[in-house]
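Undergrad: this one's sequence-less:
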């Protein structure tokens with residue numbers, strides 16, 4: 001198992017559950033229905049945003065806050081103590097506070113139209129090996145660090161973990177046969193900004209006990225931070241794919257510089273398009289290999305990910321986006337050769353807005369990293385309209401796991417991108433190393449129906465630099481077409497390119513969008 005550090009997680013996990021939690025629970029403990037309960041949570045979020053933010057005091061004992069990863073892993077929830085065990089298709093297991101997770105959250109159970117606060121209980125956990133001295137430290141007043149959800153997603157006989165909420169507003173979900181990789185978040189604020197990123201936190205959850213054979217799970221969450229509070233209505237349907245509907249009501253305490261909606265966080269260390277030497281037996285190491293965007297005008301765009309030499313932030317302007325996501329298209333074990341991490345089984349996540357999000361941009365952040373334990377890729381939607389103090393905003397969207405490509409994508413897709421020095425072997429006067437050879441392979445859509453002599457043409461645009469030797473050829477498999485060209489950036493440090501395949505005026509492929517940067521050579 002590889003332990004993963006999310007961006008800024010250590011800095012943001014520093015508070016305890018808010019003092020207002022018990023007040024809201026007491027209000028909601030009377031008979032209620034889901035709509036009435038959510039309205040009260042929404043009212044609480046609005047009230048919090050109207051008040052000055054107060055960071056609750058740390059309540060995790062120092063002995064728990066200072067433990068290492070191995071000690072934390074040795075604290076194990078007892079499966080036989082799972083919530084709803086034998087009463088539902090779903091089971092809930094709880095996380096113990098400590099280590100990085102120093103901010104206990106309040107968890108409430110909603111059953112028979114009643115919301116009841118779930119107290120911390122030491123007897124739900126085993127304190128094995130190095131964790132044995134910690135068994136008597138946690139007090140009954142302490143909350144939990146989060147929870148994970150189990151469901152018979154792979155076989156009818158066993159309930160597999162498929163969803164976890166732990167740390168700030170982070171959560172992960174998988175579909176059948178997939179393993180955890182990419183994360184989602186409730187909200188991102190000022191990501192990659194010089195003033196520093198802020199990490200809103202889910203302070204409190206309400207978990208609705210499903211009926212015995214009900215295949216859906218409902219939960220509510222209260223989000224809080226120095227600049228925004230929010231109420232989240234979340235519905236989860238595990239399966240192929242696992243899907244989640246998120247309805248977020250946001251209330252601003254302060255003016256927000258950059259609001260990141262439906263943020264996705266992943267990892268890219270090296271891959272087929274990497275040009276720097278990596279001393280690793282594995283050909284590729286990444287949780288996601290590209291950003292997919294479906295614009296409001298119906299254009300499919302694929303931008304391969306990279307591990308840049310410096311922080312890189314790029315964006316795609318759009319209006320009324322139809323969807324975006326970070327995907328892991330490469331599903332072949334031999335491309336990773338990692339029996340433990342199983343990168344070929346990592347899911348993609350796809351965001352589909354439920355209403356018109358207006359004008360804005362899909363922003364991609366790529367952070368340099370020298371280790372796969374660091375999540376260094378972030379993508380989210382940034383609305384053009386700023387969120388000012390005292391204002392509110394609603395964003396509703398569907399989030400779903402993806403095995404390889406988005407099902408609605410019917411065009412030919414980018415299969416791989418490879419880059420190298422454009423010199424010809426044995427050339428007496430080779431070009432400088434900055435002149436690059438690009439090879440982009442496309443597969444799918446209508447391409448398998450074309451003859452090798454079909455007048456397919458590559459349409460390549462680049463605002464700067466010089467391109468030569470642009471060709472397209474069918475590969476021996478008869479299904480894949482390769483575009484190759486040489487790029488001379490000349491005096492430019494960055495060249496942003498767009499490429500697609502066309503048959504006369506018919507577009508047959510998605511758009512390959514690639515940002516070549518000189519720092520990739522360092």
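TA: Yep, that arrived. All figures in this text were calculated on a predicted structure; none of them were measured in a lab. Numbers count the residues shown, from 1 in each chain.

Undergrad: count of neighbours near residue 166?
TA: 21 (other C-beta atoms under 10 Å). Any C-beta I mention is one placed from the backbone N, CA and C, and that applies to glycine too.

Undergrad: Could you tell me the per-residue confidence at it?
TA: With respect to pLDDT, residue 166 scores 96.

Undergrad: Who are the contact partners of it?
TA: The neighbours of residue 166, taking C-beta atoms under 8 Å, 6 or more residues apart in numbering as the test, are 95, 101, 145, 146, 147, 148.

Undergrad: again, only using 7 Å
TA: By C-beta atoms under 7 Å, 6 or more residues apart in numbering, the residues touching residue 166 are 95, 101, 145, 146.

Undergrad: What is the nearest of these to residue 405?
TA: Closest to residue 405 out of the contacts of residue 166 is residue 146 (31.1 Å), distances taken as C-beta to C-beta.

Undergrad: For the closest one, which residues are in contact?
TA: Taking C-beta under 7 Å, 6+ apart as the criterion, residue 146 is in contact with 95, 101, 105, 164, 165, 166, 167.

Undergrad: Find the residue closest to it in space, skipping its chain neighbours.
TA: residue 166 (3.3 Å; C-beta to C-beta, 6 or more residues apart in numbering).

Undergrad: Same question for residue 107.
TA: With C-beta to C-beta, 6+ apart as the criterion, residue 107 has its nearest non-adjacent residue at 4.6 Å, and that residue is residue 118.

Undergrad: is it true that that neighbour touches residue 108?
TA: Yes. Using C-beta atoms under 7 Å, residue 118 is in contact with residue 108, at 6.4 Å.

Undergrad: The two: who's more crowded?
TA: Higher neighbour count among residue 118 and residue 108: residue 108, with 22 against 18, using other C-beta under 10 Å.

Undergrad: Quick check: beta-bridge partners of the more buried one?
TA: residue 117, residue 206 (DSSP bridges).

Undergrad: Need the per-residue pLDDT for the nearest residue to residue 402 once chain neighbours are set aside.
TA: Using C-beta to C-beta, 6+ apart and skipping residues adjacent in sequence, the residue nearest residue 402 is residue 348, 3.6 Å away. Predicted confidence (pLDDT) for residue 348: 98.

Undergrad: Can you give me the neighbour number for residue 416?
TA: Using other C-beta under 10 Å: residue 416 sits among 19 other residues.

Undergrad: So it: helix, strand or coil?
TA: Look at residue 416: counting by DSSP: H, G, I helix; E, B strand; the rest coil, its state is strand.

Undergrad: just to revisit the earlier point, need the worst-confidence member of the contacts of residue 166.
TA: Ranked by pLDDT, the contacts of residue 166 bottom out at residue 101 (92).

Undergrad: Which residues are in contact with that one?
TA: 13, 95, 145, 146, 166, 167.

Undergrad: Most widely separated two among those residues?
TA: Spatial extent of the contacts of residue 101 (C-beta to C-beta) is set by the pair 13 and 95 at 12.1 Å.

Undergrad: Let me see the contact set for the residue nearest to residue 402.
TA: So residue 348 contacts 182, 288, 325, 326, 327, 328, 401, 402 (C-beta under 7 Å, 6+ apart).

Undergrad: Please report how far it lies from residue 242.
TA: Counting by C-beta to C-beta, to the nearest Å, the gap between residue 348 and residue 242 amounts to 12 Å.

Undergrad: what do these two both touch?
TA: Contact criterion C-beta under 7 Å, 6+ apart; residues shared by residue 348 and residue 242: residue 401.

Undergrad: sorry, back to before: export the contacts of residue 348 to a markdown table and append columns for neighbour count.
TA: Below are the contacts of residue 348 laid out as a markdown table (neighbours: other C-beta atoms under 10 Å):
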| residue | neighbour count |
| --- | --- |
| 182 | 26 |
| 288 | 28 |
| 325 | 25 |
| 326 | 30 |
| 327 | 26 |
| 328 | 24 |
| 401 | 23 |
| 402 | 22 |
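
Undergrad: Keep only those of the residues you listed that are in helices.
TA: Of these, none are assigned to helices by DSSP state H.

Undergrad: And stretch 367-376, what's buried?
TA: The neighbour-count check on stretch 367-376 (16 or more other C-beta atoms under 10 Å) flags 367, 369, 372, 374, 375, 376 as buried.

Undergrad: all helices for the stretch 1-150 of the chain, in order.
TA: With helices called from DSSP state H, counting those that start in this stretch, the stretch 1-150 of the chain shows them at 9-12, 21-28, 34-50, 62-65, 69-73.

Undergrad: and these, which one is worst for confidence?
TA: Lowest mean pLDDT of those: helix 9-12, a mean of 36.

Undergrad: Could you report the distance from the residue nearest the centre of the chain to residue 364?
TA: A centroid search over the chain (C-alpha atoms, centre = their mean) returns residue 264, at 2.6 Å, as the residue closest to the centre. Separation of residue 264 from residue 364 (C-beta to C-beta) stands at 10 Å.

Undergrad: Same question for residue 281.
TA: Relative to residue 364, and taking C-beta to C-beta, residue 281 is found at 29 Å.

Undergrad: And residue 518, by the same measure?
TA: As for residue 518, its distance to residue 364 is 19 Å (criterion: C-beta to C-beta).

Undergrad: So these two - more neighbours on which side?
TA: Taking other C-beta under 10 Å, residue 518 and residue 364 do not tie; residue 364 has more neighbours (25 against 13).

Undergrad: Please identify the helix or strand for the more buried one.
TA: strand 359-366 (DSSP states H and E).

Undergrad: Now the element after that strand, going C-ward?
TA: Next helix or strand after strand 359-366 toward the C-terminus (DSSP H and E): strand 377-383.

Undergrad: average pLDDT for that following strand?
TA: On average, strand 377-383 scores 98.

Undergrad: relative to strand 359-366, how tilted is it?
TA: Put simply, strand 377-383 runs at 170 degrees to strand 359-366, going by axes from the mean of the first three to the mean of the last three C-alpha atoms, to 10 degrees.

Undergrad: list the helices and strands strand 377-383 packs on?
TA: Here strand 377-383 touches strand 259-266, strand 323-327, strand 359-366, going by 3 or more C-beta pairs under 7 Å, 6 or more residues apart in numbering; DSSP states H and E.

Undergrad: can I see the domain layout of the protein?
TA: Domain ranges of the chain: 24-402, 413-521, per automatic domain parsing.

Undergrad: and the closest residue to residue 271 other than its chain neighbours, what is it in contact with?
TA: Using C-beta to C-beta, 6+ apart and skipping residues adjacent in sequence, the residue nearest residue 271 is residue 284, 4.6 Å away. The contact partners of residue 284, by C-beta under 7 Å, 6+ apart, come to 270, 271, 272, 330, 335, 336.
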